[in-house]
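Peer 1: Just the structure for this:
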Amino acid sequence: MITFSSVQPTTATQTPATTSAAAVASLIPHHNSHPHQLSFSSFAPHHPHSHRRRSRRPLSVRAIDAAQPYDYEAHLVHRFTQSTKLKIAVVGFGNFGQFLAKAFVRQGHTVYAHSRSNYHSIAQSIGAAFFSDLHDLCEQHPDVILICTSILSTETVLKAIPLQRLRRNTLFVDVLSVKEFPKNIFLQVLPNHFDILCTHPMFGPESGKHSWQNLPFVFDKVRIGNEDSRVSRVETFLDVFKKEGCTMVEMTCTEHDKYAAGSQFITHTMGRILEKLQLESTPINTRGYETLLNLVENTASDSFDLYYGLFMYNKNAMEQLERLDLAFESLKKELFGHLHEVLRKQLFGKSEESGFRRPMLSKLPKSGTPLLPPQSENGTPLLPAKSESLGDNGNLG
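Peer 2: Model (predicted):
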């Protein structure tokens, strides 16, 4: 500890010279002090006309190294940490909304939840605050409004949000399985001062229940303000998925829907077709069969509204459905055409024409190519070659 002392002289007989000498001598440390203390004494110069004895006024600085009652450095760190956290309002707190909210809370963000059903206890267990009224939710002034409703109810829910209670630069985000539809709805309903980010986590509560590592996350920055704070807010939101290990894929909503129709919609379609077959596990399951059973389980766990939304609100879905039907018919023709001629005679008791040509499965046109029948030189459609068809009794005839 360092102590500074200031003492006024008590006599008037000291000359300026002696006063200066005393002052200098007094600044020499006293070595007989405490080993960890240095004391300095200072005497003010004598004024000849001042005969009043002045009191001694010690001036000291104590406990420089001691812990202060207010840790300013820790306060700054806390403020910086809070500045990188978001207030996220999850509108539509079903299975998927709860699934995402857990990750938000895990990374320290504040989560508000709203849904038609009462999920107060579930939200509390996750660490989120549940609001049954959208007005109360918006009065919390969240940084992000995350739409986690079904595709079919998105427009209704969006129009029900009291936008006048939100900050003018609030970020709106969706996580729907189709992208052009919510993008157009957002642009139509939301004023220009709101930011828009369209996203699609290409996984769900089942496929991502263990980890999000290397799972694709698609996003399109549809409308983001130029201010640094708004750009930083978008990056902070996307960082949630980066930190969880997702593969971040930036593409337009149009590109997403084109790819999704050929992957996600086909996957859901095959899963639901196999579900209609009522497949069951057997004692001799192959790995391929196990994969099919898992596909049925994953797709059957999703609502039919999701599957219908994939079909209804993605203009590329109908084309994929037609291609799937064409592929199945072509495969059947190829399969029947490979029956051995002798076997056919034995089975059906009918000799085959010597000029019979075995039908082959031709390659389907690429996606986007109109599925039109082949035409002759004059432009009239060519009819397929006549082949066997099932008679009324179910036999080929």
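Peer 1: just the strands in this structure please.
Peer 2: With DSSP state E as the criterion, the chain has strands at 2-7, 38-43, 57-58, 87-91, 110-114, 129-130, 144-147, 171-174, 195-201, 216-223, 247-250.
Peer 1: Mean neighbour count, mean pLDDT and distance to residue 303 added to those strands, as TSV?
Peer 2: All C-beta spots, glycine's among them, are computed from the backbone N, C-alpha and C. Listed next are these as TSV, based on neighbours: other C-beta atoms under 10 Å; pLDDT from 0 to 100; distance: least, C-beta to C-beta, whole Å:
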stretch	mean neighbour count	mean pLDDT	distance to residue 303
strand 2-7	14	48	74
strand 38-43	15	48	78
strand 57-58	10	64	80
strand 87-91	24	98	18
strand 110-114	24	98	20
strand 129-130	19	98	22
strand 144-147	24	98	17
strand 171-174	24	98	17
strand 195-201	22	98	17
strand 216-223	19	98	21
strand 247-250	13	98	25
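Peer 1: CSV for the ones you listed, including distance to residue 277?
Peer 2: CSV is the format used below for the strands of the chain (distance: least, C-beta to C-beta, whole Å):
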stretch, distance to residue 277
strand 2-7, 88
strand 38-43, 91
strand 57-58, 96
strand 87-91, 37
strand 110-114, 39
strand 129-130, 41
strand 144-147, 35
strand 171-174, 34
strand 195-201, 29
strand 216-223, 29
strand 247-250, 33
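Peer 1: Select, out of those strands, the one closest to residue 314.
Peer 2: Residue 314 lies closest to strand 195-201 among the strands of the chain, at 11.7 Å (C-beta to C-beta).
Peer 1: now the angle from that closest one to strand 216-223?
Peer 2: In this structure, strand 195-201 runs at an angle of 170 degrees to strand 216-223, with axes from the mean of the first three to the mean of the last three C-alpha atoms, to 10 degrees as the basis.
Peer 1: Which strands border strand 195-201, and is each parallel or antiparallel?
Peer 2: Here the strand partners of strand 195-201, with direction, are listed using DSSP bridges: strand 171-174 (parallel), strand 216-223 (antiparallel).
Peer 1: so which of those gets nearest residue 336?
Peer 2: Taking C-beta to C-beta as the criterion, strand 216-223 is the member of these that comes nearest to residue 336, at 39.7 Å.
Peer 1: Go through the chain and flag its longest helix.
Peer 2: helix 317-337 (DSSP state H).
Peer 1: how about CSV for the strands paired with strand 195-201, with distance to residue 243 added?
Peer 2: Listed next are these as CSV, based on distance: least, C-beta to C-beta, whole Å:
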stretch, distance to residue 243
strand 171-174, 17
strand 216-223, 11
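Peer 1: Nearest to residue 312 among those would be which one?
Peer 2: Distance to residue 312, taken as C-beta to C-beta, is lowest for strand 171-174 among the strands paired with strand 195-201, at 16.3 Å.
Peer 1: what's the closest one in contact with?
Peer 2: The contact list for strand 171-174 (C-beta atoms under 8 Å, 6 or more residues apart in numbering) reads 143-147, 154, 182, 186, 190, 194-199, 230, 233-234, 237.
Peer 1: what about the protein, any weak spots by pLDDT?
Peer 2: Applying pLDDT under 70 to the chain picks out residues 1-83, 339-342, 344, 347-397.
Peer 1: Quick check, residue 124 in contact with residue 111.
Peer 2: No - with contact defined as C-beta atoms under 8 Å, residue 124 does not count as touching residue 111 (11.2 Å).
Peer 1: picking up where we left off before, go through the strands of the chain and name the closest to residue 208.
Peer 2: strand 195-201 (7.5 Å).
Peer 1: and the nearest residue to residue 216 once chain neighbours are set aside, how far is that from residue 309?
Peer 2: Among residues not flanking residue 216 along the chain, residue 202 sits closest, at 4.2 Å (C-beta to C-beta, 6 or more residues apart in numbering). Distance, residue 202 to residue 309, by C-beta to C-beta, to the nearest Å: 16 Å.
Peer 1: and what of residue 137?
Peer 2: Taking C-beta to C-beta, one finds residue 137 at 25 Å from residue 309.
Peer 1: Pick out whichever of those two has more residues nearby.
Peer 2: In terms of neighbours (other C-beta atoms under 10 Å), residue 137 is the more surrounded of residue 137 and residue 309; the figures are 24 against 21.
Peer 1: Skip the chain neighbours and tell me the closest residue to that one.
Peer 2: Nearest residue to residue 137, sequence neighbours excluded (C-beta to C-beta, 6+ apart): residue 131, at 4.0 Å.
Peer 1: ok, that neighbour - contacts?
Peer 2: Residues counted as contacts of residue 131 (C-beta under 8 Å, 6+ apart) are 112, 113, 114, 137, 140.
Peer 1: The first one: what's it in contact with?
Peer 2: By C-beta under 8 Å, 6+ apart, the contact set of residue 112 is 87, 88, 89, 90, 128, 129, 130, 131, 137, 140, 142.
Peer 1: rerun at 10 Å
Peer 2: Shown here is residue 112, whose contacts under the criterion C-beta atoms under 10 Å, 6 or more residues apart in numbering are 87-91, 93, 101, 123, 128-131, 136-138, 140, 142, 144-146.
Peer 1: can you count the residues close to residue 299?
Peer 2: Residues within reach of residue 299, counting by other C-beta under 10 Å, total 20.
Peer 1: Quick check: chain neighbours aside, which residue is closest to it?
Peer 2: Spatially, and ignoring its direct neighbours in sequence, residue 299 is nearest to residue 271 (2.9 Å; C-beta to C-beta, 6+ apart).
Peer 1: Show the contacting residues for the one you found.
Peer 2: 292, 294, 295, 296, 297, 298, 299, 300, 301, 302, 307.
Peer 1: Got the phi and psi for the closest residue in space to residue 258 that isn't next to it in sequence?
Peer 2: What sits nearest to residue 258 in space, not counting adjacent residues and going by C-beta to C-beta, 6+ apart, is residue 316, at 5.5 Å. Backbone torsions for residue 316, taken as degrees, to the nearest 10, come to phi -90, psi -10.
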